[in-house]
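K.L.:
Can you look at this prediction? I've put the sequence above it.
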Amino acid sequence: MEATEVGVREGSHARVSAALFAGFVATAWLQVVAVLAAVLLVLSALPGATAVRIGLPLVIATAGLLWFATVRALRLRRPSPAGVPVTRKDAPALWSMIDHAATAAGVRPPDAVTVVAGATVTLVEHPRLSGLRAGRRELFLGMPALLAWDETWLRAAVAHELAHGTPMLGRFAPLAYRGRAALARIVPRIPRRSPAGPVLRAYARWYRKVDAPFAREQELLADRVAAEFAGGRAAAGVLRDGPVLEGLQQLFHAEYLSPGWQAGVVPDDVFGGFLRVLAARADELELLRLVEPEPPGEWDPHPPTAERVAALTALTTEGPDPEPAAAGDLLPELPALGRALQAVAFPPSGRTVAGWDEFFGAARLAEMEREADASLRAIARVAGSPVTGAADVLELAADGRLRKIAETVFGDLPAEETSGRIAELIALLLALAALHGGVARWRHSWMGTAEVVAADGSHLDLTGAAELATDPATVGTARERIAAMGIDPAAAAPTGPGRPQPRVPVLGGVVNVLVDGVRSDLLVVETGLVLVPGLPRSRNGEAKRRLTRLAADGVLADGTPAVNEAGDSRFVPFTELAGASATRNGRRSWEMNLRDGGKINVRTALDSDELPGGWTALDDAVVFLTSTR
């Protein structure tokens, strides 16, 4: 009797949550109907000719605008990440495991399985009617999870994801979960200036408060299903390890992959590199697993991880840990799958493909060249003559001018710090000369710091020679040491078609803005603005995808897109801008003054949108131009 009462209560909670979501969709459209009825009521009180003359503009300006805002707010388009589909024929063992997990969860298997680059195991549904009707379901398996987790952990993760749609808590429970997921996507994406926004956000806050207990129960049930299917230890392990794996992937991208990617090089085996990081940083991973994860976000229905792990621990009555089986047993062609995934998730887009050692060398070399170029420009500006490398700097050091120039460049630093800066710069320039001349190479470590060594791997004492070169009296001795190491201070970077083309970091982007009255898209890069001809409104959905691809492919040092599919773009370097200002008069707008006396006006439109961080990047650029010009 008690179990029956619990089931009835849970089924009632599911009905309430589902009804609240349906009410959200109904409220959205009732706004449009109410405004249209009010407009028609006003028009009915006017004489016929007057009503006709002002009726159409009034309907478009009010009900039409609200209708457009509502459609845009409720749109649930979710672009699928780049990945490699895995069919039943490709991996029968994997699909057999998924079928059994679906049976345990009381749901049908997903319609498709795709392996993606992110550190995730996620079931994504593409619902219809803003989430009121079920749609195609696709299971995304992240390659990092396939590399890091054994089969038992993967079983737990898959079972948990499938159990989100289980009807075990009532026939309306799947709709309740689907509606909650839909609102988590809809509400944060409603523009702040949208006329449909205030009512929808207010309703969503009330909905979240009422739905929270049932959302918690659905997540805890998904944990229990995972524990029953794969074991409590595996289910708890996935909960603790998920954030850690995501953090390691972010570190891998930031410290290992991104520098070379920006330098115009791509490794020949991205996921092989991630596997090496997993092995090299195993001790760090153990420490990260002990760190309490961040609390769930505003629209994240998951209870705190500690609470979920405690609930699973109470359920665990297993004996010793079973012998782990690699996830590769479910996908025996995992290395080949990784290479196929790399081709779609990390396409070269004009970058040079290289082994990891060459990749790291190119990345470090590009960083050094950027740093050296900035320093040499500052020195040349004070010296009043070109300064292009180590040979020129040694000449300045020999005649005593380098110290005076450094005192001007480095401001009011103490004498010791100025000497240290000079030595660091000379060591940097000598390292570049050695690398350019083939005398040195980078030696990389998956655990520690990379270092410049001689071509045969022996130690290269550049610091000692650089310190001698800071004093005009010992520059001659420094030159002797440099020559003994085989370094030509005048060695320059090789040129030619085989040299990687570095990219300029992309800070953000906005689509569908008006630039001098012309519909355009805009990328904000580290050195300026890239203006791209916009697409017509009939292709509005394609504009953001196109700009996302342009940002991912990168922008070359001269401001041109690395893979230009957007026609004649225009690059405006920050050095050509004399100042900028931002205004808000209904719509946001930015005015930028060119040094030749011209102006660039950027203004938002009704369908303007941003890539992540786009508006902030544009505002930051304006602040930078305002404060430095």
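P.N.:
Nice, thanks for sending it over.
K.L.:
tell me which element Ala19 falls in.
P.N.:
Using DSSP states H and E, the element containing Ala19 is helix 2-44.
K.L.:
Going along the chain, name the helices of the stretch 151-300 of the chain.
P.N.:
Assigned by DSSP state H, counting those that start in this stretch, the stretch 151-300 of the chain shows helices spanning 151-163, 173-189, 197-230, 232-251, 258-262, 270-280, 282-289.
K.L.:
Now these in a markdown table, please, with extra columns for distance to Asp553.
P.N.:
Glycine gets a C-beta too; all of them are placed from N, C-alpha and C. Formatted as a markdown table, the helices of the stretch 151-300 of the chain follow (distance: least, CB to CB, whole Å):
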| stretch | distance to Asp553 |
| --- | --- |
| helix 151-163 | 32 |
| helix 173-189 | 25 |
| helix 197-230 | 34 |
| helix 232-251 | 21 |
| helix 258-262 | 11 |
| helix 270-280 | 16 |
| helix 282-289 | 32 |
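K.L.:
Of those helices, which stretch is the most buried?
P.N.:
helix 151-163 (a mean of 26; mean count of other CB atoms under 10 Å).
K.L.:
Mean confidence (pLDDT) on it, please.
P.N.:
Taken as a whole, helix 151-163 has an average pLDDT of 93.
K.L.:
for stretch 22-33, same thing?
P.N.:
So the average pLDDT for stretch 22-33 ends up being 70.
K.L.:
Where does pLDDT dip in the stretch 501-629 of the chain?
P.N.:
564-567, 585-586, 627-629 (pLDDT under 70).
K.L.:
got it, and the stretch 151-300 of the chain?
P.N.:
For the stretch 151-300 of the chain, the ranges with pLDDT under 70 are 189, 191-196, 293, 295-300.
K.L.:
same question, the stretch 351-500 of the chain
P.N.:
Short version for the stretch 351-500 of the chain, where the test is pLDDT under 70: 448, 495-498.
K.L.:
and the gap between the closest residue to Gly508 other than its chain neighbours and Ala406?
P.N.:
Spatial nearest neighbour of Gly508, excluding adjacent residues (CB to CB, 6 or more residues apart in numbering): Ala617 at 3.0 Å. With distances taken as CB to CB, to the nearest Å, Ala617 is found 34 Å from Ala406.
K.L.:
and what of Glu395?
P.N.:
Taking CB to CB, one finds Glu395 at 14 Å from Ala406.
K.L.:
Looking at the two, which one has more neighbours?
P.N.:
Between Glu395 and Ala406, Ala406 has the larger neighbour count (other CB atoms under 10 Å), namely 22 against 14.
K.L.:
can you tell me the helix or strand for that one?
P.N.:
Using DSSP H and E, Ala406 maps to helix 401-409.
K.L.:
got the buried residues for that helix?
P.N.:
402-403, 405-406, 409 (16 or more other CB atoms under 10 Å).
K.L.:
quick one: the strands in the stretch 351-500 of the chain?
P.N.:
With DSSP state E, counting those that start in this stretch, the ranges of strands along the stretch 351-500 of the chain come out as 352-354, 440-443, 451-454.
K.L.:
For the second one, give me every contacting residue.
P.N.:
Counting contacts by CB atoms under 8 Å, 6 or more residues apart in numbering, the residues outside strand 440-443 that touch it are 357, 360-361, 364-365, 431, 434-435, 450-455, 457, 460, 487.
K.L.:
please redo it, this time with the cut-off set to 7 Å
P.N.:
Defining contact as CB atoms under 7 Å, 6 or more residues apart in numbering, one finds that strand 440-443 is touched by 360-361, 364, 431, 434, 450-455, 457, 460.
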